[in-house]
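Novice: Sequence and predicted structure, then a few things I'm wondering about:
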Amino acid sequence: MLYIMRHGKTDWNEQHKLQGRTDIPLNDDGIKMAEAAALKYKDVHFDICYCSPLKRAKKTAEILLAGRDIPIISDDRLVEMSFGKYEGVKSSFSTDANKLKSSDSQVNILFEAPEKYQAPDDGETFEELFKRTGNFLDEVVMQKLEEGKDVLIVGHGAMNSSIVCRIKNIGLDRFWSAGIENCKLMKLM
């Protein structure tokens with residue numbers, strides 16, 4: 001089986017700031033969410049956990065799997081999508097993405113019309129995100145699944161969504177349709 005989980009909440013989640021690769025830690029609510037998830041999913045079997053190297057994902061995995069003999073392996077291919085200069089910007093969902101023209105509107109387009117998103121020069125494109133997470137699935141996860149292992153991936157909203165889209169064959173225009181909630185376990189296959 002393949003499972004995926006998004007990290008617990010951070011201050012930037014609560015402030016609706018785009019985190020990307022900015023290494024924001026879990027806040028108190030995020031820690032409580034991970035602790036609640038640990039209880040809720042204590043009977044779900046995992047053989048191995050792969051996670052993003054960012055603090056919020058690693059800490060979530062550590063809390064979730066505390067006291068269980070399950071290896072947690074960080075992999076750089078599971079880091080959140082880089083949003084470059086947009087990291088730390090508050091997202092706004094009040095503007096129609098089709099009417100937006102300026103480069104600053106790309107934060108809104110990212111969520112409202114991802115197929116039209118243009119990454120900043122210092123950010124990552126969806127194509128680059130799909131390539132690295134696809135490589136991880138092909139090179140690591142599929143082998144473990146073929147061995148009969150139950151795999152957990154703990155990551156981030158965009159990174160996790162790219163995996164969900166690949167597994168479920170969802171187009172970029174519906175990139176956010178999976179609704180990756182914080183600390184909610186999703187069974188993918």
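Specialist: All right, it came through fine. Since this is a predicted model, take the numbers as computed values, not measurements.
Novice: which ones are touching the residue sitting nearest the centre point of the chain?
Specialist: When CA atoms, centre = their mean is applied to the chain, the residue found nearest the centroid is His156 (1.9 Å). His156 makes contacts with 6-7, 19, 52, 54, 56-57, 79-81, as judged by CB atoms under 8 Å, 6 or more residues apart in numbering. The way it works is simple: take the backbone N, C-alpha and C, and place the C-beta from them, glycine included.
Novice: just the residues you listed: which has the poorest pLDDT?
Specialist: Among these, Gln19 has the lowest pLDDT, at 94.
Novice: correct me, but it touches Asp11?
Specialist: No: if you go by CB atoms under 8 Å, Gln19 and Asp11 don't touch, sitting 9.8 Å apart.
Novice: Return the list of helices and strands in contact with the lowest-mean-pLDDT helix or strand in the chain.
Specialist: None of the helices or strands of the chain scores lower by mean pLDDT, DSSP states H and E than helix 106-112, at a mean of 84. Contacts defined by 3 or more CB pairs under 8 Å, 6 or more residues apart in numbering; DSSP states H and E place helix 106-112 against no helix or strand at all.
Novice: C-terminal to that helix, what's the next element?
Specialist: helix 126-136 (DSSP states H and E).
Novice: what residues does that next one touch?
Specialist: Contact with helix 126-136 is made by 50, 75, 77-78, 81, 114, 117, 119, 158-159, 162-163, 165-166, 172, 175, as judged by CB under 8 Å, 6+ apart.
Novice: returning to what we had before: which one's more surrounded, Gln19 and Asp11?
Specialist: Between Gln19 and Asp11, counted using other CB atoms under 10 Å, the more crowded position is Gln19 (23 against 15).
Novice: so how far is Ile70 from that one?
Specialist: According to CB to CB, to the nearest Å, Gln19 and Ile70 sit 26 Å apart.
Novice: Ok, Lys187 next?
Specialist: From Lys187 over to Ile70 the distance is 17 Å, taken as CB to CB.
Novice: Poorly predicted segments of this structure, please.
Specialist: Applying pLDDT under 70 to the chain picks out residues 91-104.
Novice: measure the residue nearest to the centre of the chain to Asp69 for me?
Specialist: Distance from His156 to Asp69, counting by CB to CB: 26 Å.
Novice: Next: Ile48.
Specialist: The spacing between Ile48 and Asp69, counted by CB to CB, is 11 Å.
Novice: which one of the two has more residues nearby?
Specialist: Ranked by neighbour count (other CB under 10 Å), Ile48 and Asp69 place Ile48 first, with 16 against 5.
Novice: in the sheet, who's paired with the more buried one?
Specialist: Val151 (DSSP bridges).
Novice: can you pull the contacts of it?
Specialist: By CB under 8 Å, 6+ apart, the contact set of Ile48 is 70-71, 73, 144, 149-152.
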